[in-house]
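When you get a sec, could you give me coordinates for this:
(one chain, ligands or ions: 2)
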Amino acid sequence: MPSPGKLIVFEGIDGTGKSTQLSLLGQVLGERGLPVLSTCEPTDGVYGRRIRALYRNRESISRLDELQLFLADRREHVQDCIVPALAAGKIVLCDRYFLSTIAYQGAAGLDPAAILQQNSFAPVPDLALLFQAPAATGIARITGRRGEILNDFEQKDALAKVAEIFASLDYPYIRRIDATESIAAIHTAVVKAVEDILHLYQLR
Ligand code: ADP
Ligand code: TYD
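Ligands and ions are numbered 1, 2, ... in the order given. Below is the predicted model of the structure:
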């Protein structure tokens, strides 16, 4: 039976503005009195913390073990947070979900089809907003305005490969967003895509 809530996920390479847009969309939905839950992966749970410990130390484990950590984190997130929220009728906004695993762990050499299969426990999103920009743009935003150094998942050649896999994904729930535009223009595109799946509501 379909759940009464909606699952909207934000996907794309680092620095494409996913967190910025998730926060703006959350505000708009909240102002309209809609029940929203904002969340992210990796989570703050036990597996998410183990993943974050790898940001400066990715070579310390195998790619297969890394995949298992992302899957364990998602399994817990789905069970404890996403499924209950959807069952309660919430609009769940999730910063990264299983398309990130396909793209990042696929870029690291694992088989994208096998990764998708291993995510079959995870509810399929109602909408995946796929933020698209060249790797150089994402990197410039991370190292520039966000003032950070790149972590081990954000190195340029790897990110270009990740972007290539994201670009090749073709599922009916994906809406591509041109992430090279201004924050305001992207917000308008995001709201339009969300209105299309929520049907009943005019958000602006
Ligand atoms: P992500 O969550 O995809 O890694 P963020 O939302 O954290 O990206 O954005 C990364 C940086 O780029 C932040 O400093 C943010 O303010 C900035 N930023 C976000 N969207 C845009 C945009 N459309 N144009 C320019 N800079 C942006
Ligand atoms: P990110 O969204 O940047 O989280 P944080 O705010 O903690 O930095 O995600 C962290 C990194 O994890 C990012 O480079 C992408 C990577 N990642 C994967 O490799 N596989 C996955 O399944 C997920 C969810 C993220």
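
Look up the pLDDT of the spatially most central residue of the chain for me, please.
Centroid-nearest residue in the chain: residue 96, 1.7 Å away (criterion: C-alpha atoms, centre = their mean). Note for residue 96: predicted pLDDT of 98.

Leaving out chain neighbours, which residue sits closest to it?
residue 41 (4.6 Å; C-beta to C-beta, 6 or more residues apart in numbering). Glycine gets a C-beta too; all of them are placed from N, C-alpha and C.

burial of that neighbour, as a residue count?
Look at residue 41: counted by other C-beta atoms under 10 Å, it has 22 neighbours.

I'd assumed residue 48 was in contact with it.
Yes. Between residue 41 and residue 48 there is a contact at 7.2 Å, judged by C-beta atoms under 8 Å.

shared neighbours of these two, which are they?
Shared contacts of residue 41 and residue 48, defined by C-beta atoms under 8 Å, 6 or more residues apart in numbering, are found at residue 73.

For this protein, which residue gets nearest to ligand 1?
residue 17 (3.0 Å; C-beta to the nearest ligand atom).

thought that residue was touching residue 179?
Yes. In this structure, residue 17 is within contact of residue 179 by C-beta under 8 Å, at 5.5 Å.

joint contacts of those two?
Residues touching both residue 17 and residue 179 (C-beta under 8 Å, 6+ apart): 131, 186.

Quick check: the residue of the chain closest to ligand 1 vs residue 98, distance?
With the distance defined as C-beta to C-beta, to the nearest Å, residue 17 ends up 20 Å from residue 98.
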